[in-house]
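Trainee: Okay, predicted coordinates and the sequence, questions at the end:
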Amino acid sequence: MPEVSLSGFVLVTAVALAIPLLLGALPARLRLPSAVLEIVAGIVIGPSVLGWVQVDVPLQVLSLIGLAFLLFLAGLEIDVDHLRGGLLGLVVLGFAGSMAVALVVGYGLAGAGAVDAPLLVAIILTATSLGVVVPVLKDAGQTDSDFGQLVIAAASVADFAAVILLSLFFSREATSTGAQLLLLGSLLLVALAVTIGLTRAERSARLGEELVRLQDSSAQIRVRFAVALLAVFIWFAQRLGLEVILGAFVAGVILKLTDRDRMMTHPRFHMKLEAIGFGMFVPIFFVVSGVRFDLDALTGDPSALVRIPLFLAALLLARGVPALLYRRRIGPRRTLVAALLQATSLPFIVAAAQIGVELGELDQASAAGLVAAGLLSVLLFPASALALLRGEQAGEQAVAQEQPSAPGA
């Protein structure tokens, strides 16, 4: 067996450990999403700055698993109960508007010589980081409100559609769009068959008793099943020539659809999956993404630095402008909040930019500029949205206090 160095793995995991501790020591108003600092720390320890870590085979494998887990957990966030009726129609219309604006922006950037792959850039601009948006809404106490449900549904549709579009038009396998549609249909048919099969299996009392018996033992049978489901679908997607992220995302959606746990027999199951993903593999993906980040390509050319605010503005246009469709339903102030939250995107940008570089569709400078814009979106947009929401709530409380008490109160 060839000798494998684990020094890079040690440094990456040390960084992943240190960042939450550092964030915990900061005042609440200064805390950033951990993914931002993980990428920045990766840049620092990588070849662009200190040169302590190179992306070797162990880190490549662990980073790929981290990316798969990230999309798997994103699939678990999709709540189909929110995607029904008039709300679904509204957010689908909003995403169609996003795609239209993104295409105009993408081809405009291509015409200006800023990018070489306008369709890929347009797809990248349509995604929203559901994992960042939901905590912001929770902090504001808005997850169960009509406004919160609208934003979550819009982010869910954007996540799902962006992954589908990326796999359809940009795959490592050089096949036609028609062939890709056929392969995509095959994956979705298999996913439907597995969903039906698992739904029926869930009704088996005997199987249910066995799962309950083994779920909290050393077998951790539900966790093992989830990991096996993830592995099968990323393998199947890869065999079909589709992107691994699509297989991972579909596996997460399947688990969400089939594991409703209405009887609350395993309330800690999703927490265990998050512990595996966010406790190990996902932070490794973000740190390694920072190690891969080509800072020299970004800073070596002044025109590359100009792309960062350009890409950030493009992100806000593509995802923010269609939020105007919600104005009659949620009012102007919350429409602005929805626009900022919808324009918050990072994990998909990192993954898609990496795929674009591997396919030769994006140069290193464009990929680095897109990732930098994603970092800024996560830094700026959620904080601004939360400030607007808190300002609105403070205003409502002040008005309520100024109103005279009813006679006899």
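Mentor: Yes, it's here.
Trainee: The nearest residue to V15 once chain neighbours are set aside: how many residues sit nearby?
Mentor: Closest residue to V15 apart from its sequence neighbours, by CB to CB, 6 or more residues apart in numbering: A41 at 4.7 Å. C-beta coordinates here come from the backbone N, C-alpha and C atoms, glycine included. Close neighbours of A41, defined as other CB atoms under 10 Å, add up to 23.
Trainee: Report the contact partners of A41.
Mentor: Shown in contact with A41 (CB atoms under 8 Å, 6 or more residues apart in numbering): 15, 18-19, 287, 290.
Trainee: now the strands for the stretch 101-250 of the chain?
Mentor: Here the stretch 101-250 of the chain has no strands by DSSP state E, counting those that start in this stretch.
Trainee: just for it, where's the confidence low?
Mentor: Within the stretch 101-250 of the chain, the ranges that satisfy pLDDT under 70 run 139, 171-177.
Trainee: longest helix of this structure?
Mentor: helix 364-402 (DSSP state H).
Trainee: Restrict stretch 225-243 to CA atoms and write it as PDB.
Mentor: Extracted C-alpha coordinates of stretch 225-243, given in PDB (Å, rounded to 0.1, in the frame of the first residue of the first chain):
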ATOM      1  CA  PHE A 225     -29.400   3.500   5.800                       C
ATOM      2  CA  ALA A 226     -29.200   7.300   5.000                       C
ATOM      3  CA  VAL A 227     -25.500   7.000   4.200                       C
ATOM      4  CA  ALA A 228     -26.100   4.000   2.000                       C
ATOM      5  CA  LEU A 229     -28.900   5.900   0.200                       C
ATOM      6  CA  LEU A 230     -26.600   8.800  -0.400                       C
ATOM      7  CA  ALA A 231     -23.800   6.600  -1.700                       C
ATOM      8  CA  VAL A 232     -26.100   4.700  -4.100                       C
ATOM      9  CA  PHE A 233     -27.500   7.900  -5.600                       C
ATOM     10  CA  ILE A 234     -24.200   9.700  -6.000                       C
ATOM     11  CA  TRP A 235     -22.800   6.500  -7.600                       C
ATOM     12  CA  PHE A 236     -25.800   6.200  -9.900                       C
ATOM     13  CA  ALA A 237     -25.700   9.900 -10.900                       C
ATOM     14  CA  GLN A 238     -22.000   9.500 -11.700                       C
ATOM     15  CA  ARG A 239     -22.600   6.300 -13.800                       C
ATOM     16  CA  LEU A 240     -25.300   8.200 -15.800                       C
ATOM     17  CA  GLY A 241     -22.800  11.000 -16.400                       C
ATOM     18  CA  LEU A 242     -24.700  13.500 -14.200                       C
ATOM     19  CA  GLU A 243     -23.200  15.500 -11.500                       C
END
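Trainee: Good, wrapping up.
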